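>>> I would like the atomic coordinates for the input below:
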Amino acid sequence: MTKYFRRKVLKFFVYALIVFAAYIIQTTPGLIDFLGVKPILVLPACISIAVFEGEFAGGLFGFCFGLFCDSTSETVFGFNALLFLVFCVLAGLLTIYVFRRSTMNVMLLCLGALFFRSGLEFFFKFILYGYENLDAYFYTQIAPQIVFSAIFSFPFCVLFRWLNKKFEPEDTKE
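Just a heads-up that it's a prediction; the model follows:
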């Protein structure tokens, strides 16, 4: 096993531990709770990985940890896995071909992905069945969850950028 391969395996193992810790924090009752709203931490972490590691690694992380989120969410199994896969592949491709790898772009990608995911969930769980007073529920639960989750994209972006540079081989550093 070459030194480069060992470094790559260790880097992705550390990434997996961080995203798994984010999943544990996200699903632990009462740990991070702001006015009855719990953030979605796994999606910003996976998008940050996709931005710094590319669409393939980001897609794998998004799909695998989306399955974790599906096991504890109230949605159809596979909903989060497929959405996280698509979001991470898109984020990786957009940062390769369109955007720069900046913190602001990562935060905007996370905000868009969180808004789209929460909007789809809101549509299929509430609007489709015609419940009343949905605007109040959206403004008191869904919108704060989106904003609260998007705030966590900044620390994940900084952490994964630092880890990416830390594990980069010395001969490829600029």
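
>>> and the gap between the residue nearest to Phe126 when sequence neighbours are not counted and Phe63?
Excluding its sequence neighbours, the residue lying closest to Phe126 (CB to CB, 6 or more residues apart in numbering) is Leu134, at 5.5 Å. (Glycine included, C-beta is placed from N, CA and C.) When distance is defined by CB to CB, to the nearest Å, Leu134 is 30 Å away from Phe63.

>>> between those two, who's got more neighbours?
Counted by other CB atoms under 10 Å, Leu134 and Phe63 do not tie: Phe63 has more neighbours, with 20 against 15.

>>> Which helix or which strand is home to the more buried one?
helix 55-72 (DSSP states H and E).

>>> Could I get the average pLDDT for that helix?
In this model, helix 55-72 has an average pLDDT of 94.

>>> so how far is that helix from its chain's centroid?
In terms of CA atoms, centre = their mean, to the nearest Å, the centre of helix 55-72 is found 9 Å from the chain centre.

>>> on contacts alone, who are the packing partners of it?
In this structure, helix 55-72 makes packing contacts with helix 3-27, helix 42-53, helix 79-97, judged by 3 or more CB pairs under 8 Å, 6 or more residues apart in numbering; DSSP states H and E.

>>> could I get these as JSON lines with mean neighbour count and distance to Val158?
Putting these into JSON lines (neighbours: other CB atoms under 10 Å; distance: least, CB to CB, whole Å) gives the following:
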{"stretch": "helix 3-27", "mean neighbour count": "15", "distance to Val158": "12"}
{"stretch": "helix 42-53", "mean neighbour count": "28", "distance to Val158": "9"}
{"stretch": "helix 79-97", "mean neighbour count": "20", "distance to Val158": "16"}
